[in-house]
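Enquirer: using only what follows, build the 3D model:
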Amino acid sequence: MKNYLLALLLLVPAALPAASFEGKVVFKTTVDRGKSEEISYLMKGGKLRIEVPGQKEMGGMIIDVAKKETIMIMAEPRMYLVMALPDVAAQAAAASADDAKLEKTGETVKLLGYVAEKYITTAQGKKTELWLAQGLGSFMSLPDSNPMGGARPEQAWERALAGKDLFPLRVVSHDQGGKENFRMEATAIDRTPLPDSLFAPPAGYQKLDMGGMIPGGMPGLRP
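Expert: Numbering: from 1, shown residues only. Predicted structure coming up:
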């Protein structure tokens, strides 16, 4: 049985966005040089919305820093779930103790109008190259490519970025054999005003009552 709720609960942010940037960043992600997927990252005034256009079941994930809550929007059925925002300070402290450290290379490149500096992290024999820019706020973990089938584990490089004003415009990870197994690259950055309605549950959506949950699934969903 596909546990939709479990996947939603595991999509937890690793850091808080900065309020200085308002607009949209679009990423293209590729795993093991296979299928690529687009992810939209919208930011406004300390709020973040993550959307995966290719996933019809998931309407998006909203992070509200002021209210310290995460809102998961489910397009099918038309419902939303409100959860407490994790303790970001504790996450940042845990990240500082992690074996993945950011190492500057001194190499820079201009990507989509932003100067990005190349960093390297190594954890458990796996190397990740990151091109990081300032002025776009901090970064949050991206959702799994398949929310119906479970969430992917948070990566060491994501934890290493927790709480830092370093935003990845290109990420390339390698396995222990040196083979590329993950790539994420920003394809567009649009600094533009966004409507407040993007950062609240859509009108007509029902709030999910956790007390009404059926063990192993959500009301209205079948295996």
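Enquirer: mind naming the longest strand for the chain?
Expert: Counting by DSSP state E, the longest strand found in the chain is strand 180-191.
Enquirer: can you give me the buried ones in that one?
Expert: By neighbour count with 16 or more other C-beta atoms under 10 Å, strand 180-191 contains the buried residues 181-186, 189. In this view, the C-beta of every residue, glycine as well, is placed from N, C-alpha and C.
Enquirer: out of those residues, who's nearest residue 56?
Expert: residue 184 (22.0 Å; C-beta to C-beta).
Enquirer: show me what the closest one is bridged to.
Expert: Counting by DSSP bridges, residue 184 forms beta bridges with residue 29, residue 171.
Enquirer: any idea how far it is from residue 171?
Expert: Noted for residue 184: a distance of 4 Å to residue 171, by C-beta to C-beta, to the nearest Å.
Enquirer: in CSV, list the buried residues of strand 180-191 along with pLDDT and distance to residue 21.
Expert: Below are those laid out as CSV (pLDDT from 0 to 100; distance: C-beta to C-beta, whole Å):
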residue, pLDDT, distance to residue 21
181, 90, 30
182, 90, 25
183, 93, 23
184, 93, 18
185, 96, 18
186, 97, 13
189, 97, 9
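Enquirer: circling back to that earlier point, quick one: contacts of the longest strand of the chain?
Expert: Applying C-beta atoms under 8 Å, 6 or more residues apart in numbering, the set of residues contacting strand 180-191 from outside is 21-33, 38, 111-114, 136, 142, 155, 168-175.
Enquirer: for that strand, C-alpha coordinates in PDB please.
Expert: Written as PDB, here are the backbone C-alpha positions of strand 180-191 (Å, rounded to 0.1, in the frame of the first residue of the first chain):
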ATOM      1  CA  GLU A 180      27.600  10.800 -11.200                       C
ATOM      2  CA  ASN A 181      24.300   9.700  -9.600                       C
ATOM      3  CA  PHE A 182      22.500  13.000  -9.000                       C
ATOM      4  CA  ARG A 183      22.400  16.400 -10.700                       C
ATOM      5  CA  MET A 184      20.400  19.500  -9.800                       C
ATOM      6  CA  GLU A 185      20.700  22.800 -11.800                       C
ATOM      7  CA  ALA A 186      18.800  26.000 -11.600                       C
ATOM      8  CA  THR A 187      17.300  26.700 -15.100                       C
ATOM      9  CA  ALA A 188      15.600  30.000 -14.300                       C
ATOM     10  CA  ILE A 189      15.600  32.700 -11.600                       C
ATOM     11  CA  ASP A 190      12.700  35.200 -11.700                       C
ATOM     12  CA  ARG A 191      12.900  38.000  -9.200                       C
END
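Enquirer: next helix or strand past it?
Expert: strand 206-207 (DSSP states H and E).
Enquirer: what is the mean pLDDT for stretch 192-211?
Expert: Stretch 192-211 comes out with an average pLDDT of 89.
Enquirer: in that stretch, what counts as buried?
Expert: So for stretch 192-211, counting by 16+ other C-beta under 10 Å, buried means 194, 199-201, 205, 208.
Enquirer: out of the residues you listed, who's nearest residue 81?
Expert: For the buried residues of stretch 192-211, the nearest to residue 81 is residue 208 (4.4 Å; C-beta to C-beta).
Enquirer: leaving out the residues flanking it, which one is nearest to that closest one?
Expert: Take residue 208 and drop its neighbours on the chain: the residue closest to it by C-beta to C-beta, 6 or more residues apart in numbering is residue 81, 4.4 Å away.
Enquirer: so what's residue 119 bridging to?
Expert: With DSSP bridges as the rule, residue 119 is bridged to residue 104, residue 130.
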